[in-house]
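Colleague: predicted coordinates and the sequence they were generated for:
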Protein chains: 2
Amino acid sequence: MADERGDLHASVAEMLRGGSQRYTKNRRDVIQILEEAERPLTIPEILEGGDGLAQSSVYRNLAVLEQTGVVHRVQSTDEWARYELAEDLTGHHHHLICSSCGSVDDFTVPPEMEESLHQVFDQVSSRTGFNPEHHRLDLVGTCARCD
Amino acid sequence: MADERGDLHASVAEMLRGGSQRYTKNRRDVIQILEEAERPLTIPEILEGGDGLAQSSVYRNLAVLEQTGVVHRVQSTDEWARYELAEDLTGHHHHLICSSCGSVDDFTVPPEMEESLHQVFDQVSSRTGFNPEHHRLDLVGTCARCD
DNA sequence: CTCAGTGCAAAGGATTTGCATGCCG
DNA sequence: CGGCATGCAAATCCTTTGCACTGAG
């Protein structure tokens, strides 16, 4: 997986081809909007960012992109689902979730911390029979705007 | 155990009184069901566990209980909200979330890990102006039943 | 008596789907 | 050409709300 920004669309196209999916203009637009936002977006936000995108198409395309592993669905504290580029494309990170307005921003933790976490997860999974795919480490509170 | 249960209901009653709320039979039933489950439950699951509880009353009571800090809403990977007793009543813990069936179970991590996490969170919050209330550390994967 | 709590049914609202049309491969 | 993608509108489904009634204080 290339991690060069300029090759984002190429990487996405390749991932979609692997899933026998096309990289259409609508899908490219959605990816473009998500890349520029640099934070998880709601469907209304994606619709605003696009030029005449149909709501149903955005929902359908996000479903395809999520199944293909290109985007990832994020749960906040409010009722709206948010979407971001998958970590394969952006790198591993975590979320600052505002319990007041629901907005989501990214942050990262030191590599040593991630390693320690993985050790704990291995213990938990061998103890419980749970088969881990990935982890979510979110900080919930109030963002600078809502304070 | 009877003693622990008695204490639980007493604690809940006190928390509700503090919020000028009554501890009615319906609310007691919901708390009872959540306590016995020992894992976050969906509304349908709570309705099954109860004896003729009305759906709207469960929704309304969970809203009251959440505002009073007695229960906590948990987001899984599926569309249903899940509820559990608040950590004030059960102790701090984390969740194993099944990406296949959406079920949620509890687990804990060593205290040293929690401390390290808090140090990282303090750094993040002083850097970003984000004001943390609590954190979510979830392990997402497939549960033993779905493997 | 009074007002919060309850149950039923109807309304909300984010998300999904049916169907006719357009476009890429 | 053929089938997937699209857009519009209608349908879905979890959740919320209106309203009349019951019950605790």
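Modeller: That came through, no problem.

Colleague: can we go C-alpha only for contacts and neighbour counts from here?
Modeller: OK.

Colleague: gap between the residue lying closest to residue A:107 once chain neighbours are set aside and residue A:71?
Modeller: Using CA to CA, 6 or more residues apart in numbering or on different chains and skipping residues adjacent in sequence, the residue nearest residue A:107 is residue A:94, 5.2 Å away. Applying CA to CA, to the nearest Å, the value for residue A:94 to residue A:71 is 15 Å.

Colleague: out of those two, which sits in the more crowded spot?
Modeller: residue A:71 (23 against 16; other CA atoms under 10 Å in any protein chain shown).

Colleague: surely that one meets residue A:90?
Modeller: No. With contacts counted by CA atoms under 8 Å, residue A:71 stays clear of residue A:90, the gap being 10.2 Å.

Colleague: mind listing what's buried in the strand ranked longest in chain A?
Modeller: Criterion DSSP state E: the longest strand present in chain A is strand A:131-142. The neighbour-count check on strand A:131-142 (16 or more other CA atoms under 10 Å in any protein chain shown) flags A:131-132, A:135, A:137-142 as buried.

Colleague: tell me which element the residue of chain A most remote from its centre falls in.
Modeller: Farthest-out residue of chain A from its mean C-alpha position, per CA atoms, centre = their mean: residue A:127, at 29.4 Å. In this assignment (DSSP states H and E), residue A:127 forms part of helix A:111-128.

Colleague: which elements pack onto that helix?
Modeller: strand A:131-142, helix B:111-128 (3 or more CA pairs under 8 Å, 6 or more residues apart in numbering or on different chains; DSSP states H and E).

Colleague: list the buried residues for it?
Modeller: A:117, A:121, A:124-125.

Colleague: stretch A:67-76 now?
Modeller: In stretch A:67-76, counting by 16+ other CA under 10 Å, buried: A:68-76.

Colleague: for these, give me TSV that also has distance to residue A:20, pLDDT and secondary structure.
Modeller: Below are the buried residues of stretch A:67-76 laid out as TSV (distance: CA to CA, whole Å; pLDDT from 0 to 100; DSSP: H, G, I helix; E, B strand; the rest coil):
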residue	distance to residue A:20	pLDDT	secondary structure
A:68	9	94	coil
A:69	13	94	coil
A:70	13	96	coil
A:71	16	96	strand
A:72	19	95	strand
A:73	21	94	strand
A:74	25	93	strand
A:75	28	87	strand
A:76	31	89	coil
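
Colleague: tell me the one of those residues nearest chain B?
Modeller: residue A:75 (6.9 Å; CA to the nearest CA).
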